[in-house]
Structures are given as C-alpha cells and as structure tokens.
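1. predicted coordinates and the sequence they were generated for:
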Amino acid sequence: MTKTAIGAAVAALTLPIAFTASAAQVQIYGLVDEGLSYISKDLDDGNSSQDSFEVKSGMSVGSRIGIKGEEDLGNGLKVGFILENGFEADSGEFAKATSTRLFGREASLYISDDSFGTFAFGRLQHLTAGYGTWGVAAGILNPYAIGWSDHIAGYKNVFGFNSGRLDNVIAWKSPTFNNFTAYAQWSSNTDQYNGPEGAEENKGTADRYGSLGLAYRGERFSAIGTVEWTPWSSKRADTAKADDGIAVTLGANYQFDFGKIYLAGQYFDNQWRLATPSEIVPLAFNNGTINDRMVKGYGVVAGANIPALGGNVLLSLGYRDAELVNYSDIGATRVSGTIGYRYPLSKRTNIYTAASYTRDDLDKQVAAGSTETENVNPDAMQIVLGLVHRF
C-alpha cells in the first residue's frame, strides 16, 4: 500500500471519530485520592480504645473515573449524559459506598435549555449530598462539605439527614435569574439495589424522596435553603410504622478579605438512623423485635476557609442535639471540631491533612428490651494525610 493510500485510510478512520467527539463533546475524567488515616475510638464501655492505622482511598473526595458528553441540538437545546464509577484506590475494588455498582456515583441523562432549565433522570444525589452534579448545597454549607473520611467533621457529622445518592430520580434545575436558582427532585424508589425486597416504584413498599431547594450565589455571599421529604417503606420492619421523614436545611457563606466564613443548620424529624460511619455508639432502642433508630433534633455547624502559606486552612465546629422519636429519654448531644490544611502542588494535584475530635453525651440503653438507660461519653479522634490527583 502506498503512503498516499495509507494516509487516505487513516483520514477515513479519524474523521468520523473527530466529528463524533466534536459533536457530542465526550470527555473521560476522574481523580485518585489516597492517603493515610489514624483513628482512635473510645466507646466508654469499660474497654480500651479502638485504634486503627491504614491506607485509605477517597478520604477528602471519592476516587472515581467517569465519562460525560453533551450534544448541542441547536436553538439553545442540549442533551447530555454522565456515567461515573467510584473505586477504592487502595485495592482496585468498586467503591464500597456505592455498593459495587458500575456507575454508582452517577448515571444520568439530561436535557437542558436556557428557557426551561435542566431536566435530569437516573441515579443522582440528594441536594444536600457532598458530591456530584446535584449535591448543590455542599460548597455553600461547609469547607469540608459533608466531611472527609469517617470522623473528619463536615455538616453530615452533626446533621440528622443521612444524605447520599438516589436511584430512579427525576430532577429539575431552573435557569439562574438574578443569582437565584431553584431545584426540585423526586425519587420513586431511592435504593433498588439494597432497598427492601419487593419494593415497587411509587408505592408504599419503597422508600421515596422529594426535595425543593433555592440557592443564591453572589460575588461574595452565597446561601441555600432546602426541604427534603422521605416517605418510608412499609416493607422494612424498622420503618413500617414510621411517619414521613422531613429535613429543613439553611446555610450561607460570605467571602471576607481574609477568607470565607460558613454557617449552616438543619432541623430533622423521623429520620431513619443518624449518618454513618460518623456515629460512634448508635442512637437506638432495641425492644426485642426491631432496632428502633428513628431520630429527630437539630444540628448547627460553622466553618472557615482561610488562605495561608500558599494553601488553605479549613476549620469546622459543630453541635447536634438528637433523640429517638419513640423513646425521647434516649438522646445524645454531640460536639465536634476539625482543623485541616490543603496545599495545591499544581492545578491538578493537591496534598491535604486534617485532624478532628468528636464527643457524644449519650443516654444508652442498658440492655436489649430494657427501658433503663445509662449515660456514656464515647469519642473519636482521626488524623489524615492524603494526596489527590485529577485527570
């Protein structure tokens, strides 16, 4: 074959690829976050503390690889998709947090227009999640978002709504007008992978979820308010008789000359379980048949992001007051504080470190089936050091 023929063949192969990539704007992206973690937990049960030192993946941001693309259909109308996989960088496994799903972090198809906004469908995130396309509150509420790793405290450490990801979502984002953007979501079955067996979409057998949100993003001031509603499944013994869950979250930050200050709070009621793994000793009552973990209460958290020595000092301080819905004499207050530092080695790579301390004042059930309680003060301390590279 002549050089001219070879050149023609190569051109014939590459032209469609180039055209397709240009039209759909397909992109492969991701990041790897890996480092070292030391945790010391004292359950205040008369035993020695539990210490661990390990290599961990995704402590500040979850390690991931994704594919996304968008096609411009003309007249301001666009269609796109996001397929994002989470993985454990220390072992190569699928991410445990997403139940070994191939595209557990996000799997969505969307259509957008300047006049009606964006509609998205698929596996998405709660509005108060700390990650993803639809976790829109994270950057406003706290410099650590939901938190890093197990006990490096962000807002999830002291809030009561256990935000994360959702299956079977229809979501809408409005066009931005005068710096305001509105959001709405509905999930007809929040977890068809690990949810109650026999759950059907939009039926009482499934956990469902609805939310409304309004965000303001200005040059120096940003704020958000969300209302999240969860009708619980009748197929799960723990939630079969529970009223619908509700969580109302408000938060804001302001960019001063010296740094950014954050303040946020949440009221929650009829929530099933406090956020894991940040619980040290679970807030629960075992009546001999089920483990009742329906909780209510409030949490507040303040934070700061202050530039220093070429990087950023990150501070967070939180408080929570929670109790069981059905056993109000079993409750817990929590205080937590975190200090950390993040330094950019380049536009794609940063190194980070943080230390956090959390302490609970908890009324704990003495034994299963007993109404007698005892007061305990479990605490947890964690120190992390890690590296993030984005591609």
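-> All right, it came through fine.
2. going forward, measure contacts between C-alpha atoms and count neighbours the same way
-> Will do.
3. and residue 310, how many neighbours does it have?
-> Burial of residue 310, expressed as a neighbour count using other Cα atoms under 10 Å, amounts to 10.
4. I'd guessed it sits against residue 342; true?
-> No. Using Cα atoms under 8 Å, residue 310 is not in contact with residue 342; the gap is 9.2 Å.
5. the helix or strand encompassing residue 301: which residues count as buried?
-> Using DSSP states H and E, the secondary-structure element containing residue 301 is strand 294-308. Of the residues in strand 294-308, those scored as buried under the neighbour-count criterion (16 or more other Cα atoms under 10 Å) are 294-307.
6. residue 331 is in contact with residue 298, isn't it?
-> No. No contact is recorded between residue 331 and residue 298 when judged using Cα under 8 Å, the distance being 11.9 Å.
7. give me the common contacts of those two.
-> In terms of Cα atoms under 8 Å, 6 or more residues apart in numbering, residue 331 and residue 298 are both contacted by the residues 321-322.
8. any chance of a markdown table for the buried residues of strand 294-308, columns distance to residue 247 and pLDDT?
-> Supplementary listing: the buried residues of strand 294-308 in a markdown table, determined by distance: Cα to Cα, whole Å; pLDDT from 0 to 100:
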| residue | distance to residue 247 | pLDDT |
| --- | --- | --- |
| 294 | 13 | 96 |
| 295 | 11 | 97 |
| 296 | 9 | 98 |
| 297 | 10 | 98 |
| 298 | 9 | 98 |
| 299 | 11 | 98 |
| 300 | 13 | 98 |
| 301 | 15 | 98 |
| 302 | 19 | 98 |
| 303 | 21 | 98 |
| 304 | 24 | 98 |
| 305 | 26 | 98 |
| 306 | 30 | 98 |
| 307 | 33 | 98 |
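9. let me know the closest of these to residue 74.
-> Nearest to residue 74 among the buried residues of strand 294-308 is residue 305, at 40.8 Å by Cα to Cα.
10. bridging residues for the closest one?
-> Counting by DSSP bridges, residue 305 forms beta bridges with residue 260, residue 314.
11. ok so, going back, can you list the buried residues of strand 294-308 in a markdown table and add distance to residue 359?
-> What follows is the buried residues of strand 294-308, written out as a markdown table (distance: Cα to Cα, whole Å):
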| residue | distance to residue 359 |
| --- | --- |
| 294 | 21 |
| 295 | 18 |
| 296 | 19 |
| 297 | 17 |
| 298 | 16 |
| 299 | 14 |
| 300 | 15 |
| 301 | 15 |
| 302 | 17 |
| 303 | 18 |
| 304 | 21 |
| 305 | 23 |
| 306 | 25 |
| 307 | 28 |
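12. tell me the one of these nearest residue 155?
-> Checking the buried residues of strand 294-308 against residue 155 with Cα to Cα, the nearest one is residue 301 at 6.2 Å.
13. not counting sequence-adjacent ones, nearest residue to that closest one?
-> residue 318 (4.1 Å; Cα to Cα, 6 or more residues apart in numbering).
14. next one: that neighbour from residue 228, what distance?
-> As for residue 318, its distance to residue 228 is 21 Å (criterion: Cα to Cα, to the nearest Å).
15. verify the stated contact: residue 138 with residue 154.
-> No. Here residue 138 does not reach residue 154: they are 9.5 Å apart, not a contact under Cα under 8 Å.
16. so for those two, which sits in the more crowded spot?
-> Taking neighbours as other Cα under 10 Å, residue 138 and residue 154 compare with residue 154 leading, 29 against 23.
17. tell me what the closest residue to that one other than its chain neighbours is bridged to.
-> Across the structure, with Cα to Cα, 6+ apart as the measure, the residue nearest residue 154 apart from its sequence neighbours is residue 147 (3.8 Å). According to DSSP bridges, the residues that bridge with residue 147 are residue 153.
18. please renumber so the chain begins at 28
-> Taking 28 as the first residue, the last one we looked at is residue 174.
19. how near is residue 174 to residue 192?
-> In terms of Cα to Cα, residue 174 sits 16 Å off from residue 192.
20. do the same with residue 166
-> When distance is defined by Cα to Cα, residue 166 is 17 Å away from residue 192.
21. the more surrounded of those two?
-> With other Cα under 10 Å as the criterion, residue 166 and residue 192 differ in neighbour count, and residue 192 comes out ahead with 25 against 19.
22. just the pLDDT at the more buried one, thanks.
-> Residue 192 carries a pLDDT score of 96 in this model.
23. list the contacts for it?
-> By Cα under 8 Å, 6+ apart, the contact list for residue 192 reads 132, 150-153, 156, 217.
24. each with direction, which strands does the host helix or strand of residue 79 pair with?
-> Assessed by DSSP H and E, residue 79 sits inside strand 77-84. With DSSP bridges as the criterion, the sheet partners recorded for strand 77-84 are strand 54-69 (antiparallel).
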